[in-house]
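A.B. asks: Provided below for reference: sequence and predicted model.
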Amino acid sequence: MLSLHRTQFPSSKDELAQAIDEALRRFVRKAGPIVTAQSRVFPYFDEIAINVDGAQFDSLPPGPAAVAGETRLAFEAAIVTLNARHISVQGAPLDLRMEAHDVVFHKGQDENGEAVLRVHKVRNGQVVISASQLDLENALAQIGGREARRHGIVIEQVRLAMRARGARSIAADIWLQARKFLLRANIDIYGQLDIDENFMAKISQLKCKSDGAIGSLACSALDPHLRQLEGKTFSPMSLRFMEIQVRDVRVAVTDTIEITADFGSAG
C-alpha cells in the first residue's frame, strides 16, 4: 500500500503517474522521472514502469499505509515493472528488479483522509535482488572502517567470502586486518543468513574470533553490534503490502549473490 498524500484520487493516466512519482520521492533520492505509464483507455494500463536506477536510500522505505474502511477498484495494469540497478540502501550496494502481471489496484483512504493505493491482486510476478561480493566487500570496508575509527582502530584490509549452504541459506566469512598504532591483528567474523518461505531473512551464528590484544579489543567493540543483529529478521523486499503470497524463494551464490522470489495472489 502506498499513501499518495492527497485527498483526491487521480482521475487520469498522467495524474496517477505523477502522484505515484511524488509519493516515491518522499523516500527515494533520484534525478529524472521515476514513473512512466502507458494507457490507451484509463483506468486500464498496458504498463506501469518504475525506475529508480542509481537511487540512494538513506533509510528503509516506510511500512505500508493503513487503510481506514473498505477499498474499491481503482485501475488495472497488464504489467508493472520495477528496475533498481546500482542503488544504495544505507550504504549497501544492490540491484533489484521486479515484474508483476495482471495487477489489480484498489483505492481507499487512510485515517487522515488521504488517498491510499493498494495492490489487490497479482496473477504472478517475480522479484530478484542481487549484489556482487566485491561491492559488498568494499561496502563492509567503508562501514566497518568508520566504526573502527571510533575506537582508534584502523581497518587495513577486508576480505568477504559468501557461499550457499542450501536453496535458501547463505554463509559469510569476513576476514579483517586491523591496526592500532604499530600493532596488527587478524580478525575472523562468521555469520549466516537463512530465508524462509515468506521471504523473511534471519541473521544467526554471528561470531568474532581473533588473537592478540588488538584483535580482542576489536572483537569486544564489535560484540554489542553482533548481539543486536543475532536472530534479527527482516524482509529483503516487503511483499506483504501487495496482499500476495510468496510461492518460492531461491538463493544462488557465485561472484554475485542473487535472491529470487516468485509471488502471486492466493488461488
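C.D. replies: All right, it came through fine.
A.B. asks: The stretch 51-200 of the chain: helices as residue ranges?
C.D. replies: All helices of the stretch 51-200 of the chain, identified by DSSP state H, counting those that start in this stretch, fall at 133-149.
A.B. asks: Point out where it drops to low pLDDT.
C.D. replies: For the stretch 51-200 of the chain, applying pLDDT under 70 flags the ranges 59-65.
A.B. asks: hang on, Ala19 in a helix?
C.D. replies: Yes - applying DSSP: H, G, I helix; E, B strand; the rest coil, one finds Ala19 inside a helix.
A.B. asks: Surely it is in contact with Ser3?
C.D. replies: No - using C-beta atoms under 8 Å, Ala19 makes no contact with Ser3, being 10.2 Å away. All C-beta atoms are positioned from the backbone trio N, CA, C, and that covers glycine.
A.B. asks: Overlap in contacts, the two.
C.D. replies: Residues touching both Ala19 and Ser3 by C-beta atoms under 8 Å, 6 or more residues apart in numbering: Ala115.
A.B. asks: helices or strands next to the helix or strand Leu226 falls within in the packing?
C.D. replies: Using DSSP states H and E, Leu226 falls within helix 212-229. Applying 3 or more C-beta pairs under 8 Å, 6 or more residues apart in numbering; DSSP states H and E, one finds that helix 212-229 contacts helix 133-149, strand 169-180, strand 183-195, strand 201-210.
A.B. asks: 6 Å - rerun?
C.D. replies: strand 183-195, strand 201-210 (3 or more C-beta pairs under 6 Å, 6 or more residues apart in numbering; DSSP states H and E).
A.B. asks: strands paired with the helix or strand that it is followed by, and their directions?
C.D. replies: Sequence-wise, the next helix or strand downstream of helix 212-229 (DSSP H and E) is strand 233-234. Partner strands and pairing direction for strand 233-234 (DSSP bridges) are strand 201-210 (antiparallel).
A.B. asks: Thanks a lot, catch you later.
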